[in-house]
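> Take this sequence and fold it.
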Amino acid sequence: PAYTYGTYFVDRAITSRERIRLLNAIGKRFPDQLKLFSWNKNIPVSGVQNMGIAEYDTEMALVFHKSKINLNISLRSIKTGIPLRCMDIMANGGFLLSNYQSDLCDAFIPGEDFVYYEDEEDMLSKIEYYLSHEKERSEIAENGCRKTLEEHSMEKTFREIFEIVNASPTP
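Modelled structure (predicted):
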């Protein structure tokens with residue numbers, strides 16, 4: 001029960017506060033340049049346009065592709081693995097700016113396929129940099145898209161999983 005409570009309630013509460021703090025920092029530094037897509041229309045963030053929900057099956061790919069910078073702030077409970085949001089962003093040709101995730105750095109090259117930030121100030125300085133360096137931002141997004149589609153497709157991933165499962169000795 002303690003693990004479940006910590007993972008599903010405490011980590012989510014901490015992540016929510018962290019996201020609001022970071023979004024407020026972006027809204028303050030770049031007023032009215034951030035569009036937030038969220039089911040919660042009452043998020044207390046100033047300088048940010050809350051756009052409501054982007055439907056996963058019909059709108060999200062276009063949002064990722066058309067956005068200059070797509071921000072991923074992983075749930076604190078995600079200790080390993082790559083958040084699906086990161087894969088969705090890159091597969092749709094979006095530029096990904098994410099918090100550090102070791103598995104993301106193992107599968108993709110930081111600064112070449114995506115960019116990660118270490119803290120609030122680093123995030124803000126990278127947003128400022130990549131907003132003013134469109135060619136570099138576009139190249140990183142294209143690299144991330146190409147690598148995601150070539151090396152990390154669902155088909156390839158499932159094939160690798162089934163190879164591992166089939167190679168495992170039966171009890």
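> Please point out which parts of stretch 20-30 sit buried.
22-27, 29-30 (16 or more other Cβ atoms under 10 Å). Bear in mind the C-beta positions are built from the backbone N, C-alpha and C, glycine included.
> meant to ask about stretch 135-154, not that
Quick answer for stretch 135-154 (16+ other Cβ under 10 Å): 137, 140-141, 143-145, 147-148, 152.
> Also stretch 75-92?
For stretch 75-92, by 16+ other Cβ under 10 Å, it's 75-76, 78, 82-83, 85-92.
> got the phi/psi numbers for the most centrally placed residue in the chain?
Nearest residue to the geometric centre of the chain (Cα atoms, centre = their mean): N72, 2.8 Å. Torsion angles at N72 (phi, psi; degrees, to the nearest 10) stand at phi -110, psi 120.
> Please apply the same query to the one 10 residues further on.
The main-chain torsion angles of I82 are listed as degrees, to the nearest 10 and equal phi -110, psi 120.
> That one touches Q101, doesn't it?
Yes: proximity of I82 to Q101 meets the contact threshold set by Cβ atoms under 8 Å, at 6.5 Å.
> burial count for P110?
Counted with other Cβ atoms under 10 Å, residues neighbouring P110 total 13.
> hang on, the earlier thing: out of the buried residues of stretch 135-154, which one sits closest to V115?
Nearest to V115 among the buried residues of stretch 135-154: I140, at 6.6 Å, using Cβ to Cβ.
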